[in-house]
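Visitor: model this:
(2 chains)
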Amino acid sequence: MGSAHSIAALLQEGPRVLNVGVRSFTEALAAAGASYLHVEWQPPAQGDPELSRLVAMLADDREPGSLGARMREANDEALRRILAADPVWEDVRPAREIWPEMDDGLLLHAGPPIHWEHMCGPMQGAVIGAILLEGWASDEEGARALAASDRIRFSPCHHHGAVGPMAGLVSPSMPMFVVRNTAAGNLAYSSLNEGLGKVLRYGAFGPEVIARLRWMCDTLGPALQTAIRQLGGVQLKPMIAQALQMGDEAHNRHMAGTSLLFRALAPALVRALDDRERVAAVLDFITANNYFFLNLAMAACKAMMDAGHGIPCSSIVTTMARNGVEFGIRVSGTGDRWFTGPAAIPEGVFLPGFSAEDAAGDIGDSAITETAGLGGFAMGGAPAVVKVVGGTPEDAVAFTTMMYSITWTRNPNWTLPALSFAGTPTGIDVRKVVDSNLLPLINTGIAHKQAGIGQVGAGLVRPPMVCFTEALRALADAVLGGQCT
Amino acid sequence: MRTIDLVLTNRYQDSVTLMQVAIAVRGIPGIDDASLVMGTEPNKELLREAGLLTAEGEAAGPNDLIVALRGGDEGIAAAQQQIERLLQAEAPASARQREAAPRTLAVGLEALPQANFVLISTPGVYAAAEARKALQLDRHVMIFSDHVSLEDELALKELAARRGLFLLGPDCGTAIIGGVPLGFANAVRRGSIGIVGASGTGIQEIATLIDRYGQGISHAIGTGSRDLSREIGGSATLSALAALGDDPSTSVIVLVSKPPHPDVAARVLEVAANCGKPIVVAFVGADPQSMGSAVSYGESGAPAPVFVSTLEEAARRAVELSTGTPPAVESIDMSAVREIAGRLAPQQRYVRGLFSGGTLCYEAQLILRRALGEVRSNAPLAPELALEHTSRSIGHTCLDLGADEFTTGRPHPMIDMTLRLERIKAEAADPEVAVLLLDVVLGYGAHPDPASVLAPAIEAVLAAASGRPPVVVVSVCGAHSDPQGLDVQRRRLAAAGAILASSNAAAARLAAAVAAREPQLAAPQQ
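Guide: Predicted coordinates:
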């Protein structure tokens, strides 16, 4: 092959050296005036030699037609589709209209698949709340019995093109944001954000929680439906871009996003609805909830990542989601298979009266934002978020910088002023995670481990490495088995 | 006295750094023993054997750093307090810079996209994977690490050859390309003599002698200790010879190795003889005559290869071919040799060589065998000459202290003299020992001041009250510009009472002459 680095050129130009291993070898390089860089190398795959070899077998390759080159093409294509995605919020519809089978007792939840008996406290609480909302049982005891019976089926939101924060519970009556990727036509859905405090997504199911949900079904959902249909849709990609420039990271900070949405929505609502009190109630609700934009951002990210899913040989992560017990990822080139590991307890800042002792395991589909390059990945542009999740603004910049080394590219549409308008790190590459031992960093809310108490804090969490090592093995089986040739 | 293991999780450090820190920790008052290793299974086994493994250390993983300490309470407390500072001191960059530094080869190449060469010195079990990544990204590779499987070496060298890239190593200790020293290498001047070799210290000895003869090196290309085996077939050697043949800055080529597999030797010599440039072949240990008859010459019109049997001769002939004039021959003062030999008691008959360079040890054995007969070794000329116990020398013995059995879990003797100092003392106490024969290797990567450690040990040997001390003969493999300073090192060793020889071969000849009381053996064979 025509090598840019022939042996003759090496002898003529001299070596420009990447030093991998013993640091003191750089002393001679410096003394000779050679150009060099020392790598802070660590054994890949947390020291597992066999996995280290696998990473090398699948590593990037300049030779056209090689396995590494084909994987690069697959990843380029995945990222082309992800970055080309144009998610537009175009409707609000009750879940039962989207998935008619839900009325037969189907509930959607966050994260990888899980059965009732294995669910964590907050998710069980949310299930109870959802059953009470639907009127399938009249009290907690009845709801628990029903949930444990075979009359209720559970399925991950992600299996239905949907995402939900924290417990991520979706029942048939709930209004859903409908987001279309107008570039490829695929749809994504998310529930509507209930606000903070005692809320279903954190496992609360008291009367005030059910009452609020009912209002959302009866008033908020239809009002937003009318408004958005009149507006003809809201483009979410530029709105997120603006929010990032205004200091959001679009996972745990939505001050800007929610305000921008309010600005777009308020005139439409006023025009669409005759009942001034109803308009005021809807706008009050959005105003009171700094997280209102979260669910739309999640649906936008889901629409983007689904566009890049299912490309043979691609090592790009298209899903990261947690159910409170397990963390699960899915990879573009390995289809709909989940790779799971135990969910960690997030580290962070706790609300007064709570501590890490009270925290539930990592939970929610909101890590779809990190999967798409937001949240923890965009922290460097959101210094204020460290007040919520802990750390310093310098840490936040360092986190974003680190994420560049495990991602495929930078998103030219989403840029961070604080990092000289660098694009957000986008497209987690399973190979790079295993090679570097660097895990994705996720900003997250922290739920109380018991059902019904709600949020106790916010912080940072990382997936278990086993998700990525198992995904790498599966990918290796597929690509070395001939999927790429 | 107690033993504790501190475990610093996810804190990978290279072994050279850890050994340097361990030496500093052992110097803390109240510390009896200390070891710093990454928590791999082989390392934990070493700690277990040393009685330094606790339950905490047992639980550590390969990316966790184990600081094993044995000592009194105060010593351990002091060590615990200082360990972080000592580790930081070995890493010149600030913690934040380290955080921002690339952690993988691929990210490193993104940060230095113009890099054309990757120098790999990771633990051997990971080295092949790193090398593959670099080759796939179109970079030349040198693998300093050893313990890479033959199968991996073959696969990597095939990949490199297909792509027109260098894969030097594994177990390639030295290279100098375009004046840039890689791995253990000397600060030799640049010139027109190119060296290709499967032997690290062989290359260093030839390069430094050429430097001392006033000439310079275009490129010195190490190919890895197994490159000329039948299995590998000389892949890296062949591409290095071809490259030097085409290289306009190279006018003479030296090929150095222990004797290759005969099939491989034939192929390599064929290419060497037809590369269009004068070539000197030093297959140390092979019979030059039989080698010469194995070559068939092409029609390049190039002169026939010059076959030599010592590294010194290789350097001399290369200089002669390059300049037309051989370096001046050093005159041997026969009466001085006689005088030195005369200091010995009649029962002092044996030579004991303690080497840090593998090829230097091998070359010394060849010279001593010719003059004195059987020489035993841990790296012997023939299997029947292998020492049964490497801890006990018999008759004439040469030890390669850089061999695996001496370096597992310990720094190389070019860096850490501890083992050699112990052995010097032990050999000197043997009333039958006539000569202690030592090599000292200078250059980047080697001990920063070997004479500061060896000179006091030599003084102690020579000042021993009981009996007559042996003669200490030393050769220093180094260039004038090496960071340790060749002249300073030689002066210091001479002041301690050592007799300095001009090359490794000259040192071995002198040792033989003294041991045999035959001064003429000190002269080079013609």
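
Visitor: surely B:Glu320 meets B:Pro326?
Guide: Yes - taking contacts as CB atoms under 8 Å, B:Glu320 lies within contact range of B:Pro326: 4.1 Å. Any C-beta I mention is one placed from the backbone N, CA and C, and that applies to glycine too.

Visitor: more neighbours: the two, which one.
Guide: Shown here are B:Glu320 and B:Pro326; by other CB atoms under 10 Å in any protein chain shown, B:Glu320 has more neighbours (18 against 12).

Visitor: per-residue pLDDT, that one?
Guide: pLDDT, B:Glu320: 97.

Visitor: what about it, which SS state?
Guide: Under DSSP: H, G, I helix; E, B strand; the rest coil, the three-state class of B:Glu320 is helix.

Visitor: before we move on, what about B:Leu437?
Guide: On the basis of three-state DSSP, B:Leu437 is classed as strand.

Visitor: equivalent analysis for B:Ile66, please.
Guide: Taken by three-state DSSP, the conformation at B:Ile66 corresponds to strand.

Visitor: and it, bridged to which residues?
Guide: Taking DSSP bridges as the rule, B:Ile66 bridges to B:Val7, B:Val37.

Visitor: how far away is it from B:Pro102?
Guide: B:Ile66 sits 26 Å away from B:Pro102, going by CB to CB, to the nearest Å.

Visitor: so the two - more neighbours on which side?
Guide: For B:Ile66 versus B:Pro102, neighbours defined as other CB under 10 Å are more numerous around B:Ile66 (27 against 21).

Visitor: tell me how far that one lies from chain A.
Guide: Separation of B:Ile66 from chain A (CB to the nearest CB, to the nearest Å) stands at 13 Å.

Visitor: which parts of the stretch 51-200 of chain A are strands?
Guide: In the stretch 51-200 of chain A, the strands defined using DSSP state E, counting those that start in this stretch lie at A:87-94, A:106-109, A:153-156, A:162-163, A:175-181, A:187-191.

Visitor: who touches the longest helix along chain B?
Guide: Longest helix in chain B, counting residues (DSSP state H): helix B:73-90. Residues outside helix B:73-90 that contact it (CB atoms under 8 Å, 6 or more residues apart in numbering or on different chains): A:23, B:2, B:4, B:6, B:13, B:17, B:20-21, B:24-25, B:28-32, B:34, B:67, B:69, B:71, B:95.

Visitor: now, which of these lie within strands?
Guide: Counting by DSSP state E, these place B:Arg2, B:Ile4, B:Leu6, B:Ile31, B:Asp32, B:Ala34, B:Val67, B:Leu69, B:Gly71 in strands.

Visitor: okay, now the fourth one: neighbour count?
Guide: Read it as B:Ile31. Quick note: B:Ile31 (other CB under 10 Å) scores 18 neighbours.

Visitor: ok, now the last one?
Guide: By the criterion of other CB under 10 Å, B:Gly71 has 23 neighbours.

Visitor: pretty sure B:Pro326 is touching B:Ala318, no?
Guide: No - with contact defined as CB under 8 Å, B:Pro326 does not count as touching B:Ala318 (10.1 Å).

Visitor: and the ones in strands among the contacts of helix B:73-90, which are buried?
Guide: Among the ones in strands among the contacts of helix B:73-90, those scoring as buried are B:Ile4, B:Leu6, B:Ile31, B:Ala34, B:Val67, B:Leu69, B:Gly71 (criterion: 16 or more other CB atoms under 10 Å in any protein chain shown).

Visitor: now, which of those sits nearest B:Ala161?
Guide: Using CB to CB, B:Val67 comes nearest to B:Ala161 of those, at 43.4 Å.

Visitor: now do the same contact list for the nearest residue in space to the closest one that is not next to it in sequence.
Guide: Leaving out its chain neighbours, the residue that sits closest to B:Val67 by CB to CB, 6 or more residues apart in numbering or on different chains is B:Leu6, at 4.2 Å. By CB under 8 Å, 6+ apart, the residues touching B:Leu6 are B:Glu56, B:Ile66, B:Val67, B:Leu69, B:Gln80, B:Ile83.

Visitor: pLDDT score assigned to B:Leu6?
Guide: So B:Leu6 comes in at 94 (pLDDT).

Visitor: and the gap between it and chain A?
Guide: Distance from B:Leu6 to chain A, by CB to the nearest CB: 19 Å.

Visitor: break chain A into its domains for me.
Guide: A:1-41, A:88-298, A:308-483 (automatic domain parsing).

Visitor: how about the first one, does it reach chain B?
Guide: Going back to what we said before, that points to domain A:1-41. Yes - legend: contact between domain A:1-41 and chain B by CB under 8 Å from any CB of the partner chain is shown at A:1, A:3-25, A:27-29, A:31-32, A:34-41.

Visitor: quick one: average pLDDT of that domain?
Guide: 91.

Visitor: what residues does the stretch 351-500 of chain B have near chain A?
Guide: B:Tyr444, B:Gly445, B:Pro483.

Visitor: turn the residues you listed into JSON lines, including pLDDT.
Guide: Shown next, in JSON lines, are those (pLDDT from 0 to 100):
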{"residue": "B:Tyr444", "pLDDT": "94"}
{"residue": "B:Gly445", "pLDDT": "90"}
{"residue": "B:Pro483", "pLDDT": "96"}
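
Visitor: make JSON lines out of the residues you listed and add neighbour count.
Guide: As requested, those are exported to JSON lines (neighbours: other CB atoms under 10 Å in any protein chain shown):
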{"residue": "B:Tyr444", "neighbour count": "24"}
{"residue": "B:Gly445", "neighbour count": "26"}
{"residue": "B:Pro483", "neighbour count": "17"}
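
Visitor: got a list of what A:Lys302 touches?
Guide: So A:Lys302 contacts A:Gly161, A:Ala162, A:Val163, A:Val179, A:Ala188, A:Tyr189, A:Ser190, A:Asp365, A:Ile368 (CB under 8 Å, 6+ apart).
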